[in-house]
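Chemist: Pasting the sequence and the predicted coordinates here, then a few questions.
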Amino acid sequence: MAQRLQKLLASCGFGSRRALEQWIRDGDVRVNFERAELGAKVGARDWVTVRGVHHQVVDRGRAPARVMLYHKPVGLVCTRDDEQGRQTVFDKLPALHNSRWVAVGRLDINTSGLLLFTDDGELANRMMHPSSELVRKYAVRVHGEVADDALKALLAGVELDDGLASFDTITAAGGEGSNTWYHVTLREGRNREVRRLWESQGMVVSRLTRIQYGPVSLPRWLARGKYDLLKGDDLSALLKAVGREQSENLSLVKKQPPRGQRTADTQPKRRAPRPSKRQKPS
């Protein structure tokens, strides 16, 4: 397991990758007490010295994040604390020790379906960031006759209050009479976007359920109000989709190297001796 030096330093909060690359060029970073080069990789037990401060690379020894699937029922809000005293999705999740769940996006109070949580804030940001382009898939029941021109407009794009929006795909999914089901996909999560798109064509959404987020689908066996941890290949597929590698288990711990590995420039700085206090004459 190895990771690029500047990527590890950035993930540990030393600065942006561009700034850290300049530090490496300037000779301010060493790997195993030798001047580092751009593109160098480090692994567990390697030594990294940043501007004279020594660190050892350690493997955190656990999965990079916990990801929870939750089948949200209608009637719950996605805020952590609700001013109106309504039940929230966080009320239903298991407690974490020295951590907390972060919601990946939101579903409005009248929308049910797949909601993801993680204990890793950086991973949550990646999953929600537009650059990840994770597909959101919804099952929508629409009340009213849907004309072909309306479907074409929803795919081509319509102007909403907050800008142009469209569905990537629209697929008929059954239904009879004036209540028709569709599966729709899009790659962003603006507030009530699915509902507003249909409403722009004079349609009323009578039921809305999210059934997929990125590579994660809502399991048929997961009942409303229940949750389960994402594991194995499913978790790996999600991490891969957002560019999160297993090597990101690596971290840095500030530490002095053993005496046998110390050279002149790795020795800890010694403090100047304090002047002795003179005894006052009695």
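Modeler: Yep, it's here. Predicted model, so just to flag it, every value in this text is computed and none were measured.
Chemist: so where do the strands sit in the stretch 101-250 of the chain?
Modeler: In the stretch 101-250 of the chain, the strands defined using DSSP state E, counting those that start in this stretch lie at 102-104, 112-118, 136-143, 158-160, 163-165, 169-176, 179-186, 204-213, 216-217, 227-229, 250-254.
Chemist: list the buried ones in the last one?
Modeler: Right, strand 250-254. If you call a residue buried by 16 or more other Cβ atoms under 10 Å, then strand 250-254 has these buried ones: 250, 252. For the C-beta atoms, the positions are set from N, CA and C on the backbone; glycine is no exception.
Chemist: so what does that strand touch, helix or strand wise?
Modeler: In terms of contacts (3 or more Cβ pairs under 8 Å, 6 or more residues apart in numbering; DSSP states H and E), strand 250-254 is packed against helix 5-11, strand 53-59.
Chemist: give me that answer again for 10 Å
Modeler: Packing partners of strand 250-254 (3 or more Cβ pairs under 10 Å, 6 or more residues apart in numbering; DSSP states H and E): helix 5-11, strand 41-43, strand 47-50, strand 53-59.
Chemist: Using CSV, please lay out the ones you listed together with distance to residue 134, mean pLDDT and mean neighbour count.
Modeler: Below are the helices and strands packed on strand 250-254 laid out as CSV (distance: least, Cβ to Cβ, whole Å; pLDDT from 0 to 100; neighbours: other Cβ atoms under 10 Å):
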stretch, distance to residue 134, mean pLDDT, mean neighbour count
helix 5-11, 21, 84, 21
strand 41-43, 28, 90, 16
strand 47-50, 33, 94, 21
strand 53-59, 28, 88, 17
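Chemist: Residue 194 and residue 138 touch, don't they?
Modeler: Yes. Using Cβ atoms under 10 Å, residue 194 is in contact with residue 138, at 5.4 Å.
Chemist: before we move on, the earlier item: quick one: which of the helices and strands packed on strand 250-254 is nearest residue 225?
Modeler: Nearest to residue 225 among those is helix 5-11; the distance by Cβ to Cβ comes to 35.4 Å.
Chemist: Now do the helix or strand following that closest one: distance to the chain's middle.
Modeler: Using DSSP states H and E, the helix or strand that follows helix 5-11 in sequence is helix 17-25. Here helix 17-25 is found 25 Å from its chain centre; the criterion is Cα atoms, centre = their mean, to the nearest Å.
Chemist: Pull out the buried residues from helix 17-25.
Modeler: Within helix 17-25, the residues scored as buried using 16+ other Cβ under 10 Å are 20, 21, 23, 24.
Chemist: Of the helices and strands packed on strand 250-254, which is nearest residue 108?
Modeler: When the helices and strands packed on strand 250-254 are compared by Cβ to Cβ, helix 5-11 sits nearest residue 108, at 33.5 Å.
Chemist: counting contacts, what elements does the closest one pack onto?
Modeler: Secondary-structure packing of helix 5-11 (3+ Cβ pairs under 10 Å, 6+ apart): strand 2-4, helix 17-25, strand 29-31, strand 41-43, strand 47-50, strand 53-59, strand 250-254.
Chemist: Below-threshold pLDDT in the stretch 101-250 of the chain: ranges please.
Modeler: Along the stretch 101-250 of the chain, segments meeting pLDDT under 70 span 177, 245-248.
Chemist: Mind checking the helices and strands packed on helix 5-11 for the one nearest to residue 241?
Modeler: The closest of these to residue 241 is strand 2-4. By Cβ to Cβ, the value is 19.1 Å.
Chemist: partners of the closest one in the sheet?
Modeler: Strand partners for strand 2-4, identified by DSSP bridges, are recorded as strand 41-43 (antiparallel).
Chemist: coming back round to it: can I get the buried residues of helix 17-25 in a markdown table with distance to residue 86?
Modeler: As requested, these are exported to a markdown table (distance: Cβ to Cβ, whole Å):
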| residue | distance to residue 86 |
| --- | --- |
| 20 | 45 |
| 21 | 48 |
| 23 | 49 |
| 24 | 51 |
